[in-house]
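>>> No letters, just coordinates:
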């Protein structure tokens, strides 16, 4: 495979090839953030509720999670380039369907199903095609730029969605995606493909088990904010007094274990598995996958909290919020591009550790800086540090996982890698949201209860309403709700003060948990190699 890789690397202009992959990654990541600022507009336009649109977003994540590992295997069977182009066609059809959707049903078909299936073919193929088009010494930079493109898409998504919704229509976002897909397909013709060596049939039983396992697990995580992780919230489904979230997570883990057992059974019989469990005996591979999990957990937690602080606590518009996230994008791109270029022989383990420390520093600085008098400028330095850390991780982890296996297994590893990042992203968002809301509720109720200006009856009513689902609301929205309820000035002032402090307490608590998670990730960096792929190991 080495010769084919070298031939592939010289078959097309590297810049065009890399731009094609980065554009694909950017497009896949954009959908996870671009519509978050436009949910109400989309719901009104297609004649449904905000809950219906949130369900469509959840379904998109679920379809990706369920199809990611089979999508990687399909790339092995039909060829990585073909899988990439077919995935783009499916995704483009989904985007076109979504842009024209007259109702929620059509929106679900286009956005949740077709785009989800397309992404499950595209993302694993990108991992394999980077390996097939770049030599080992150039892969860290290539993977870094591709990963950075995805992270930048998440950061600028609210800005893109805000501009489209404010001045045009949310439908133009998906129409633009169709155009971008056509451009990607045009340039994808120049991408070299490492021909598939395996022509066996796909393991449909394994595909079903992996889809059910990952789908159940991710769905449970996504519902945690509404149902509670262990103790069920008011009117939330439960079994034996335990939230259905916990049962779904357990069921997902059990199904995933059964999937791996089935795959091991196929290997013992000499049949082709969907995924060989022996791959997880590879210390370098599991180290890279673990770091991917932690990176996306912290990354998506930050992308959830910071825009929430800017848009709700400070009342910035979607455009202003997106602009405030640009420092993160700039430092992320700089680190992802410059580290492999300027330090091509540096230890991946050292870069990963420094990246995690930069993430930790950014989260801690933001945690300390948050107070009632803080403005939008308070996020600039923390976001620069966080972007630097993300870029450092992005510059190494892709090459670490791919170099751990033979080139012919890269599409399969791409499926697993993206399944892990999808899980990490889901848990990061859910964890940050759960900690935020739980702390906000406790802080608000404590402040109300201790304030003599608030009657006991009002405090009791607030407790009941918050237990049914707390809301992270702006001062303007709360003031409007209090005015409509005819609340006295004293009670209204107490509620406003309590809400302001509770919001900050919730943000601080969530950032503290993300910081502790980053510290935990440092204990797993020993599995990351201390030398670059293709270079000799340092002397002991």
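Sure, I can see it. Please read all numbers here as calculations on a predicted model, not as lab measurements.

>>> Could I get the full set of helices for the stretch 151-300 of the chain?
With helices called from DSSP state H, counting those that start in this stretch, the stretch 151-300 of the chain shows them at 171-188, 204-222, 224-227, 244-268, 283-308.

>>> Any figure for the gap between residue 99 and residue 170?
Residue 99 is 9 Å from residue 170, where distance means CB to CB, to the nearest Å. Any C-beta I mention is one placed from the backbone N, CA and C, and that applies to glycine too.

>>> which residues of the stretch 401-540 of the chain score low on pLDDT?
444-445, 447-488, 491-492, 495-496, 533-540 (pLDDT under 70).

>>> show me the contacts for the residue positioned nearest the centre of the chain.
For the chain, residue 425 is the residue whose C-alpha lies nearest the centre (CA atoms, centre = their mean; 3.6 Å). Residue 425 sits next to 32, 296, 297, 299, 300 when contact means CB atoms under 8 Å, 6 or more residues apart in numbering.

>>> ok, and the most crowded of these?
Highest neighbour count within the contacts of residue 425, by other CB atoms under 10 Å: residue 299, with 29 neighbours.

>>> I'd guessed it sits against residue 151; true?
Yes - under the criterion of CB atoms under 8 Å, residue 299 lies in contact with residue 151, with a separation of 6.7 Å.

>>> Overlap in contacts, those two.
When contacts are counted by CB under 8 Å, 6+ apart, residue 299 and residue 151 have residue 390 as shared neighbours.

>>> Just give the number of residues close to residue 135.
17.

>>> and what of residue 403?
Based on other CB under 10 Å, the number of other residues close to residue 403 is 22.

>>> Could you report the separation of residue 302 from residue 309?
Applying CB to CB, one obtains 11 Å for the distance of residue 302 from residue 309.

>>> Pick the most buried one from the helices of the stretch 151-300 of the chain.
When neighbours are counted by mean count of other CB atoms under 10 Å, the highest per-stretch mean among those falls to helix 283-308, a mean of 24.

>>> Against which helices or strands is it packed?
Helices and strands touching helix 283-308, by 3 or more CB pairs under 8 Å, 6 or more residues apart in numbering; DSSP states H and E, are helix 139-167, helix 348-369, helix 380-402, helix 410-450, helix 489-522.

>>> you'd agree residue 369 is up against residue 380?
No - under the criterion of CB under 8 Å, residue 369 is not in contact with residue 380, lying 10.1 Å apart.

>>> so who does residue 363 touch?
By CB under 8 Å, 6+ apart, the contact set of residue 363 is 298, 302, 382, 386, 511, 514, 515, 518.

>>> With adjacent residues omitted, what lies nearest to it?
Computed as CB to CB, 6 or more residues apart in numbering, the closest residue to residue 363 that is not its neighbour in sequence is residue 515, at 4.5 Å.

>>> show me what contacts the one you found?
360, 363, 364, 367.

>>> One more pass at 6 Å, please.
360, 363, 364 (CB atoms under 6 Å, 6 or more residues apart in numbering).

>>> Residue 433 too?
Contacts were defined as CB under 6 Å, 6+ apart; by that measure residue 433 touches residue 225.

>>> can you do 8 Å?
Counting by CB under 8 Å, 6+ apart, residue 433 has contacts 225, 304, 510.

>>> What score does residue 67 have for pLDDT?
The predicted structure scores residue 67 at 87 on the pLDDT scale.

>>> again but with residue 19, I slipped
89.

>>> coming back round to it: out of the contacts of residue 515, which is nearest to residue 156?
The shortest separation between residue 156 and any of the contacts of residue 515 is 21.0 Å, and it belongs to residue 363 (by CB to CB).

>>> wait, isn't residue 352 in contact with residue 398?
No - counting by CB under 8 Å, residue 352 sits too far from residue 398 to count as a contact (12.0 Å).

>>> Touching stretch 145-154 from outside, list them.
The contact list for stretch 145-154 (CB under 8 Å, 6+ apart) reads 18, 21-23, 25-30, 32-33, 126, 130, 299-300, 303, 329, 332-333, 336-337, 390-391, 394-395, 397-398.

>>> Can you select the buried ones among those for me in ChimeraX?
The ChimeraX command for the buried members of the contacts of stretch 145-154 (criterion: 16 or more other CB atoms under 10 Å) is given here:
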select :18,21,22,23,25,26,27,28,29,30,32,33,126,130,299,300,303,329,332,333,336,337,390,391,394,395,397,398
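
>>> Can you pull out the low-pLDDT segments for the stretch 101-250 of the chain?
Per-residue confidence of the stretch 101-250 of the chain (counting by pLDDT under 70) places the weak regions at 194-200.

>>> For residue 309, which non-adjacent residue is spatially closest?
In space, and not counting its chain neighbours, residue 309 is closest to residue 507: 5.7 Å by CB to CB, 6+ apart.

>>> The one you found and residue 390, how far apart?
When CB to CB is the yardstick, residue 507 and residue 390 sit 20 Å from each other.

>>> again with residue 356
Residue 356 sits 10 Å away from residue 390, going by CB to CB.

>>> okay, the contacts of residue 433 in a markdown table with distance to residue 70 next?
Conversion of the contacts of residue 433 to a markdown table gives the following (distance: CB to CB, whole Å):
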| residue | distance to residue 70 |
| --- | --- |
| 225 | 28 |
| 304 | 29 |
| 510 | 34 |
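
>>> ok, of those residues, which one's closest to residue 119?
Nearest to residue 119 among those, counting by CB to CB, is residue 304 at 20.1 Å.

>>> thinking that closest one is in contact with residue 430, fair?
No - between residue 304 and residue 430 there is no contact, the gap being 9.1 Å when judged by CB under 8 Å.

>>> okay, and the common contacts of those two?
Overlap between the neighbourhoods of residue 304 and residue 430 is empty, taking contacts as CB under 8 Å, 6+ apart.

>>> Confidence-wise, which of the contacts of residue 425 comes last?
Of all those, the model is least confident about residue 32, whose pLDDT is 71.

>>> That residue: what's it in contact with?
Applying CB under 8 Å, 6+ apart, one finds that residue 32 lies in contact with 60, 61, 154, 157, 425.

>>> now do residue 415
68, 69, 70, 71, 72, 73, 75, 120, 124, 275.

>>> same thing but 7 Å
Residues in contact with residue 415 (CB atoms under 7 Å, 6 or more residues apart in numbering) are 68, 69, 71, 72, 73, 124.

>>> now for the host helix or strand of the last one, which elements pack on it?
With elements delineated by DSSP states H and E, residue 124 resides in helix 115-133, which encompasses its position. With contacts defined as 3 or more CB pairs under 7 Å, 6 or more residues apart in numbering; DSSP states H and E, the packing partners of helix 115-133 are helix 2-11, helix 14-30, helix 50-78, helix 80-99, helix 139-167, helix 380-402, helix 410-450.

>>> May I see the ones you listed organised as CSV, with distance to residue 191 added?
CSV is the format used below for these (distance: least, CB to CB, whole Å):
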stretch, distance to residue 191
helix 2-11, 9
helix 14-30, 6
helix 50-78, 13
helix 80-99, 6
helix 139-167, 12
helix 380-402, 16
helix 410-450, 14
